[in-house]
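Trainee: here is my input; please provide its structure:
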Amino acid sequence: MANRSKITSRVIHSASLILNEKQYVSIIDVFLHMEWLTPTHVFDWRKGKIAYLERTIQANLNKISDAIRVLQSWAKENNLKPSETAYVLKTGAYKRNLRFTKTGDENLEKAYRTHYISPLLSEKRRAKLEEKLSKPGDIVVYMIVRDTKCSRCLKDIHKGELLFMDADKPLCLPCAKLGHLIYLPAGDAKLSRLAKKYSELRAVVVKFSRARKRYERQGLLIQESALKKAEEDCK
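Mentor: Down below sits the predicted model:
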């Protein structure tokens, strides 16, 4: 009972702070604030590197379930508006829903997808917020720090080369349908901004820094035609 009471207190405290800051709150936000989740794990999951988010949460399933129930009850008591958000992994024409749980239980998946929005927000601001939350993030490609193989074609991918992650499975760029894009290293801010603007399909290239324990941006993958147009504009 003491543990459950502690979880209740921590969830409500975290949710209150987050709601005050953002005007909405989700169980993922709460777990991040409680340090049951790390931003790096959420980033990896959002970009397809982790098969399901639950495996990275630093709490057992009973504690997770208790925390979800507490947030749901607290949100209802405070008249927050529940809104389901689509968490989607997208690369070009390829798109799939991201998973939160190992079992895929629909009730739990829905609980993770739900954001609770302040009743003080106007309908217009609420609609903009819901659109923002449902918008897929940038495609992310990883500059790897050790050799691996493509899980589909079994091609060797060497240290320093690029790959896309799909639910723990590394894919070479051709298998991820990104092989036609070219790499533009970071450094020229104007060129990068224009090339990103002109490229209909693009990806952010990141590399994990062991020293800083975070991913750092290395550049972009863009369409060749976009780079040429950007270079012309920069002359």
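Trainee: from here on, just use CA atoms for contacts and neighbour counts.
Mentor: Noted.
Trainee: spatially, what comes nearest to the residue nearest the centre of the chain if we skip its sequence neighbours?
Mentor: Nearest to the mean C-alpha position of the chain, by C-alpha atoms, centre = their mean, lies residue 46 at 2.6 Å. Counting by C-alpha to C-alpha, 6 or more residues apart in numbering, residue 46 lies nearest to residue 89, which is 6.9 Å off, once chain neighbours are set aside.
Trainee: listing partners with orientation, what would you give for the strand ranked longest in the chain?
Mentor: Counting by DSSP state E, the longest strand found in the chain is strand 214-222. Under the criterion DSSP bridges, strand 214-222 sits next to strand 182-185 (antiparallel), strand 203-209 (antiparallel) in its sheet.
Trainee: circling back: what sits against the residue nearest to the centre of the chain?
Mentor: 87-89, 98 (C-alpha atoms under 8 Å, 6 or more residues apart in numbering).
Trainee: returning to what we had before: the residue nearest to residue 46 belongs to a strand?
Mentor: Yes: with DSSP: H, G, I helix; E, B strand; the rest coil as the criterion, residue 89 is located in a strand.
Trainee: low-scoring stretches of this protein, by residue?
Mentor: 1-2, 91-94, 136 (pLDDT under 70).
Trainee: show me the strands in it, by range?
Mentor: Under DSSP E, the chain gives strands at 24-26, 81-84, 88-91, 94-97, 114-117, 140-143, 148-149, 156-157, 162-166, 169-171, 182-185, 203-209, 214-222.
Trainee: those strands: which one's closest to residue 70?
Mentor: Each of the strands of the chain has some distance to residue 70 by C-alpha to C-alpha; the shortest is strand 24-26, at 11.8 Å.
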